[in-house]
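Novice: predicted coordinates and the sequence they were generated for:
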Amino acid sequence: MQTTLKAPVTFVGTGLHSGRAVRMTLKPAASEFGIWFKRTDITDRDPLVPARWDAVIASQLCTKIANDAGVEVSTIEHIMAAVAGTGLHNLLIEIDGPEVPILDGSAAQFVRAILNKGVRKQASPVRVLEIRKTVTVRRGDAMAQLAPHDGLVMDFEIDFTDGAIGHQAKSLDLHNGRFVHELCDSRTFCRKSDVDAMRDNGLILGGTMDNAIVFDGDQVLTPGGLRHQDEPVRHKMLDALGDLALAGAPILGRYTGVRSGHAMTNMLLRKLCATPGAFVMRDAGPEIEARLPGVGLSRTDIVGLTTAA
């Protein structure tokens, strides 16, 4: 069945790219509501922005959505991954600025707070987006693909010249709590050589060693080092789950990403929705629900998460 939060939960932090202080509250919503953001600082236009693939607009290094009135919310990928990974279907996300707080650079604090508040089942059945035809997009040496599968499986591969990152690949069936246990605490990362260039372009103004992993060749500069030996590819998978959540329904399919990022995953969803017969929407019975991310999670699943909420 569809789900929502049992009670509101609030996060206060800083936007990674804007450097602006922001307050964000997740609120329960009725069945069939979906996931919407509401800019509480906007009073002269429609403040509601849908968390949907066709609301995504061009942006560097993050996922940004906008409504027809030009109201925007950016860097939504981590909260969307937490929402998908904990199996939430209906939420109103109120936010008093243009960017979601980065917190520690992962989705762990979002996940911890969601599971602490609890998830409430609702009366309506979950609808899933079942992939029926393989759809692929390519750009240079990058590729993203969705293919038929009876659950949600993700394969991801990255390749960096930096020795501390190098070539990494991981495959994961995201049923039940796998996102919470294996991906949600993996942080965003960047190379030291890119930091100055990004700041010169008005990006990562809120970036610190507390909310990102910084690599310099063979070195990890962030104090405390890595949470996982392959933390970069795990974070790429986290991002991909958040971007796939903009499909508007849980996906039954196999996602493959090779050097892929936010823009390519959105290109993939756009191509999927434009390809006749590539997918069907269907109600999920108990058997299908059991294969979806988030099903069966409880407070006990947050034991061992790296960060506190």
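Specialist: Yep, that arrived.
Novice: all strands of the stretch 1-150 of the chain, in order?
Specialist: 3-5, 9-14, 21-28, 35-39, 48-50, 56-57, 64-66, 72-74, 91-95, 119-121, 127-131, 135-139, 142-147 (DSSP state E, counting those that start in this stretch).
Novice: low-confidence bits of the stretch 201-309 of the chain, can you list those?
Specialist: With pLDDT under 70 as the threshold, the stretch 201-309 of the chain has low-confidence stretches at 303-309.
Novice: repeat that with 90
Specialist: Flagging of the stretch 201-309 of the chain using pLDDT under 90 yields the residue ranges 201-212, 285, 294-309.
Novice: contact partners for the most centrally placed residue in the chain?
Specialist: By Cα atoms, centre = their mean, the chain has its centre lying nearest to residue 242, at 2.1 Å. Residues counted as contacts of residue 242 (Cβ atoms under 8 Å, 6 or more residues apart in numbering) are 63, 76, 77, 78, 79, 80, 81, 82, 84, 107. Every residue, glycine included, has its C-beta placed from N, CA and C.
Novice: and residue 92, by the same measure?
Specialist: So, once contact is read as Cβ under 8 Å, 6+ apart, residue 92 ends up touching 26, 27, 28, 29, 33, 36, 38.
Novice: pretty sure the last one is touching residue 95, no?
Specialist: Yes - the pair residue 38 and residue 95 qualifies as a contact (Cβ atoms under 8 Å) at a distance of 7.1 Å.
Novice: neighbour count: the two, which is higher?
Specialist: Between residue 38 and residue 95, residue 95 has the larger neighbour count (other Cβ atoms under 10 Å), namely 25 against 19.
Novice: measure that one to residue 46 for me?
Specialist: As for residue 95, its distance to residue 46 is 15 Å (criterion: Cβ to Cβ, to the nearest Å).
Novice: part of a helix, is residue 280?
Specialist: No - per DSSP: H, G, I helix; E, B strand; the rest coil, residue 280 lies outside any helix segment and is strand.
Novice: among the strands of the stretch 1-150 of the chain, which is nearest residue 113?
Specialist: strand 9-14 (4.7 Å; Cβ to Cβ).
Novice: the closest one pairs with which strands, parallel or anti?
Specialist: Partners of strand 9-14 in the sheet, by DSSP bridges, are strand 21-28 (antiparallel).
Novice: now the strand it pairs with: mean pLDDT?
Specialist: Across strand 21-28, pLDDT averages out at 97.
Novice: got the angle between it and strand 91-95?
Specialist: 160 degrees (axes from the mean of the first three to the mean of the last three Cα atoms, to 10 degrees).
Novice: for strand 21-28, buried residues please.
Specialist: By 16 or more other Cβ atoms under 10 Å, the buried positions in strand 21-28 come out as 22, 24, 25, 26, 27, 28.
Novice: just stretch 33-40 next, same as before
Specialist: The neighbour-count criterion (16+ other Cβ under 10 Å) identifies 34, 35, 36, 37, 38, 39 as the buried residues of stretch 33-40.
Novice: could you do stretch 205-221 as well?
Specialist: Buried residues in stretch 205-221, defined by neighbour count with 16+ other Cβ under 10 Å: 206, 207, 211, 212, 213, 214, 215, 220, 221.
Novice: so what's the gap between the host helix or strand of residue 154 and the chain middle?
Specialist: Taking DSSP states H and E as the definition, one finds residue 154 inside strand 152-159. Remark: strand 152-159 is offset 14 Å from the chain centroid, using Cα atoms, centre = their mean, to the nearest Å.
Novice: hey, C-alpha coordinates of that strand in PDB?
Specialist: Coordinates of each C-alpha in strand 152-159 appear next as PDB, following Å, rounded to 0.1, in the frame of the first residue of the first chain:
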ATOM      1  CA  LEU A 152      14.900  -2.600  -8.900                       C
ATOM      2  CA  VAL A 153      18.600  -3.500  -9.500                       C
ATOM      3  CA  MET A 154      21.300  -1.000 -10.100                       C
ATOM      4  CA  ASP A 155      24.700  -1.400 -11.700                       C
ATOM      5  CA  PHE A 156      27.100   1.500 -11.700                       C
ATOM      6  CA  GLU A 157      30.600   2.000 -12.900                       C
ATOM      7  CA  ILE A 158      32.900   5.000 -12.600                       C
ATOM      8  CA  ASP A 159      36.500   5.700 -13.700                       C
END
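Novice: pLDDT of it, averaged?
Specialist: Mean pLDDT, computed over strand 152-159, is 97.
Novice: strand partners (parallel or antiparallel) of the next helix or strand after that strand?
Specialist: Toward the C-terminal end, the helix or strand that comes next after strand 152-159 (DSSP H and E) is strand 167-173. Taking DSSP bridges as the criterion, strand 167-173 sits next to strand 152-159 (antiparallel) in its sheet.
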